[in-house]
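# whatever this is, show me its structure:
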Amino acid sequence: MTMTILTKDDILTADDKKAKEVEVKEWGGAVRMVPMSGVERDEFEAMIQKRTVAGGKVDGRGIRVALIALSLVDENGVRIFQTKEDEALLNKKASPVLEELFKAAQKVNGLGDDDIKELEKN
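Residues are numbered from 1 along each chain as shown. A predicted model of the protein is given here:
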């Protein structure tokens, strides 16, 4: 089986941010999630690593909602929650709903619980 060797243009124009709809019954509809870009992933990882507190532990407050916010987009693929203020408002929603969205965002972004724990350690 012969594979096509991709060009730079092939790579840069490929649509690799496939959206996934996630039903949120509590909100009466669904949300759309996409994977983070490489830049967003780097910023997310740096944000986690900057939250190191005494004893080398990470202050995990806001990590879940940050990942959710980086993954939620509207019908045009534009992030819905773009600022820290937006994240703070989102974080006031019910924790069971946010936990389900966090799990969905982890899946969309190829992040498992072990990946998050590893980021927190490093």
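# please name the residues that touch residue 29.
Residues near residue 29 by CB atoms under 8 Å, 6 or more residues apart in numbering: residue 23. Where C-beta positions appear, they are placed from N, C-alpha and C, glycine not excepted.
# and it, bridged to which residues?
With beta bridges defined as DSSP bridges, residue 29 has these partners: residue 24.
# what's the separation between it and residue 60?
Plainly put, residue 29 is 29 Å away from residue 60 if you go by CB to CB, to the nearest Å.
# before we move on, what about residue 73?
Residue 73 is 24 Å from residue 60, by CB to CB.
# next one: residue 40
19 Å.
# among the two, which residue is more densely surrounded?
Taking other CB atoms under 10 Å, residue 40 and residue 60 do not tie; residue 40 has more neighbours (15 against 12).
# ok, residue 97 to residue 32 distance?
Following CB to CB, the distance that separates residue 97 from residue 32 is 16 Å.
# higher neighbour count, the two?
Legend: neighbour count by other CB under 10 Å for residue 97 and residue 32, higher for residue 32 (17 against 14).
# quick one: contacts for that one?
By CB under 8 Å, 6+ apart, the residues touching residue 32 are 19, 20, 21, 22, 72, 73, 74, 75.
# helix or strand: which one has it?
Assigned by DSSP states H and E, residue 32 falls within strand 29-33.
# send over that strand as PDB, restricted to the C-alpha atoms.
Taking C-alpha atoms only, strand 29-33 is exported to PDB below (Å, rounded to 0.1, in the frame of the first residue of the first chain):
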ATOM      1  CA  GLY A  29     -28.900  21.600  24.200                       C
ATOM      2  CA  ALA A  30     -25.500  20.800  23.000                       C
ATOM      3  CA  VAL A  31     -22.100  22.400  22.800                       C
ATOM      4  CA  ARG A  32     -19.400  22.100  20.200                       C
ATOM      5  CA  MET A  33     -15.900  21.100  21.100                       C
END
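# the helix or strand just after that strand packs against which elements?
With elements assigned by DSSP H and E, the helix or strand that comes after strand 29-33 is helix 38-50. Using 3 or more CB pairs under 8 Å, 6 or more residues apart in numbering; DSSP states H and E as the contact test, the elements touching helix 38-50 are helix 63-71, helix 113-121.
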